[in-house]
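1. Curious how this folds, go ahead:
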Amino acid sequence: MGSVIVTYKVFPEDIMETFDPLKKKIEACLPQFASLEGYGEEPIAFGLKALLVQVRFPEDKTGIVDEFEGELGKIEGVSQVQTLMVRRSSR
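-> Numbers count the residues shown, from 1 in each chain. All right, here's what the predicted structure looks like:
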C-alpha cells in the first residue's frame, strides 16, 4: 500500500525567532498513523516566515488531509494554514 505526502504552509500570528515551540505543538497533534517527514521555512515579508510541514499519511485514510489542516489551524500561535501539495508515494 502506498502513502500520501502532504506539504502544509503554517503562518504564525506574529514574527517568530525560532519555530521550535510551534514544531513541538505540531508533533503533539500528529495522528499515530502519520509520520513527520520534515520542516522548511519560507520568507513572507518584513521578517515574517511561514513554516512548511511535510507529513506522510497512509493512502487508505480518507479526509485526513483536510482534517489535519484543521487541527493545525487550532494550534495556539497559528494564524492560517494552507495545504500546498499532496502527492502519492509508493513507499
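2. all contacts plus neighbour counts: C-alpha atoms, from now on.
-> OK.
3. which residues touch residue 13?
-> Contact partners of residue 13, counting by CA atoms under 8 Å, 6 or more residues apart in numbering, are 77-79.
4. Closest to residue 60 out of these?
-> Taking CA to CA as the measure, residue 60 lies nearest residue 78 of those, at 28.4 Å.
5. The closest one and residue 21: what is the separation?
-> Residue 78 sits 12 Å away from residue 21, going by CA to CA, to the nearest Å.
6. These two - which one has more neighbours?
-> Set residue 78 next to residue 21 and count neighbours by other CA atoms under 10 Å: residue 78 wins out with 16 against 10.
7. OK, contacts around the nearest residue to that one once chain neighbours are set aside?
-> Closest residue to residue 78 apart from its sequence neighbours, by CA to CA, 6 or more residues apart in numbering: residue 12 at 4.5 Å. By CA under 8 Å, 6+ apart, residue 12 lies in contact with 49-51, 77-80.
8. least trustworthy position among those, going by pLDDT?
-> The lowest pLDDT within the contacts of residue 12 belongs to residue 77, with 91.
9. Distance check, that one against residue 46.
-> As judged by CA to CA, residue 77 and residue 46 stand 18 Å apart.
10. Look at those two and report which has more neighbours.
-> residue 77 (15 against 7).
11. ranges for the helices of the protein?
-> Counting by DSSP state H, one finds helices in the chain at the ranges 20-28, 64-73.
12. Would you format those as a markdown table with mean pLDDT and distance to residue 85 included?
-> Putting those into a markdown table (pLDDT from 0 to 100; distance: least, CA to CA, whole Å) gives the following:
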| stretch | mean pLDDT | distance to residue 85 |
| --- | --- | --- |
| helix 20-28 | 95 | 18 |
| helix 64-73 | 93 | 10 |
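13. That'll do, ta.
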